[in-house]
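K.L.:
okay, predicted coordinates and the sequence, questions at the end:
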Amino acid sequence: VGFAGAASVMNFVVLTSAASSSNSGIYSISRMLFGLAHKRMAPKVFGGLSKHGVPRWGLVITVLVLSTALLLAASESFVEAFTLVTTISSVLFIFVWSMIVISYMKYRRVAPAAHAASKYPMPGGRGMCWAVLVFFVFVLVLLAQEADTAR
């Protein structure tokens, strides 16, 4: 680009973006645990706030879990650590969305009248649910084909 400090500026932008993303993740996860505790869907301990209105135990647990990234960063290869994290994230994403799609399919079967009255029906309905599940299986098969993502 003709700018001697371009690499440094790009590193700063990437690090700032990563820090911002981590901050929003920590905030939302701790608040989500707080909300779930009040609905009796998470342990009661996550339902308390500090004197400053911060969901203390949700924040502590979130930070401890995210700190495992430091262990990955200490590994021999950043590429292996990145591959591990992205593979785990992908599999968890597929699991969560598969459960959502399966729940939607059950909802259609159990409450067809409620589904018919919905203002926001899923485009393609039943066929799209099956297409999504088949696509997820396809992605999992692809992940299982590569040695670094099959572990």
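P.N.:
That came through fine.
K.L.:
so which elements touch the worst-scoring helix or strand of the chain on mean pLDDT?
P.N.:
Of the helices and strands making up the chain, the lowest-confidence element is helix 68-73, at a mean of 71, by mean pLDDT, DSSP states H and E. Contact analysis of helix 68-73 by 3 or more C-beta pairs under 8 Å, 6 or more residues apart in numbering; DSSP states H and E lists helix 78-110 as its packing neighbours. C-betas here are computed from N, CA, C, even on glycine.
K.L.:
identify the residues contacting the helix or strand following the helix it packs on?
P.N.:
Where DSSP states H and E defines the elements, the next helix or strand beyond helix 78-110 is helix 112-116. When contacts are defined by C-beta atoms under 8 Å, 6 or more residues apart in numbering, helix 112-116 is touched by residues 107, 108, 121.
K.L.:
what separation is there between the closest residue to residue 45 other than its chain neighbours and residue 26?
P.N.:
Nearest-residue entry for residue 45: residue 57, 5.0 Å, with adjacent residues in sequence omitted and distances by C-beta to C-beta, 6 or more residues apart in numbering. Relative to residue 26, residue 57 is positioned 13 Å away (C-beta to C-beta, to the nearest Å).
K.L.:
between the two, who's got more neighbours?
P.N.:
Here residue 57 and residue 26 are set side by side on neighbour count (other C-beta atoms under 10 Å), and the busier one is residue 57, at 20 against 16.
K.L.:
touching, that one and residue 49? I think so.
P.N.:
No. Residue 57 lies out of contact with residue 49 (C-beta atoms under 8 Å); the separation is 9.7 Å.
K.L.:
using CSV, write down the CA coordinates of stretch 74-82.
P.N.:
Output for stretch 74-82, consisting of C-alpha atoms alone and laid out as CSV, is shown next (Å, rounded to 0.1, in the frame of the first residue of the first chain):
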residue,chain,number,x,y,z
ALA,A,74,0.4,-21.8,24.6
SER,A,75,0.2,-24.8,22.3
GLU,A,76,3.0,-25.5,19.8
SER,A,77,1.0,-24.4,16.7
PHE,A,78,-1.4,-21.5,16.4
VAL,A,79,-2.8,-23.2,13.3
GLU,A,80,-3.6,-26.3,15.2
ALA,A,81,-5.2,-24.3,18.0
PHE,A,82,-7.2,-22.3,15.5
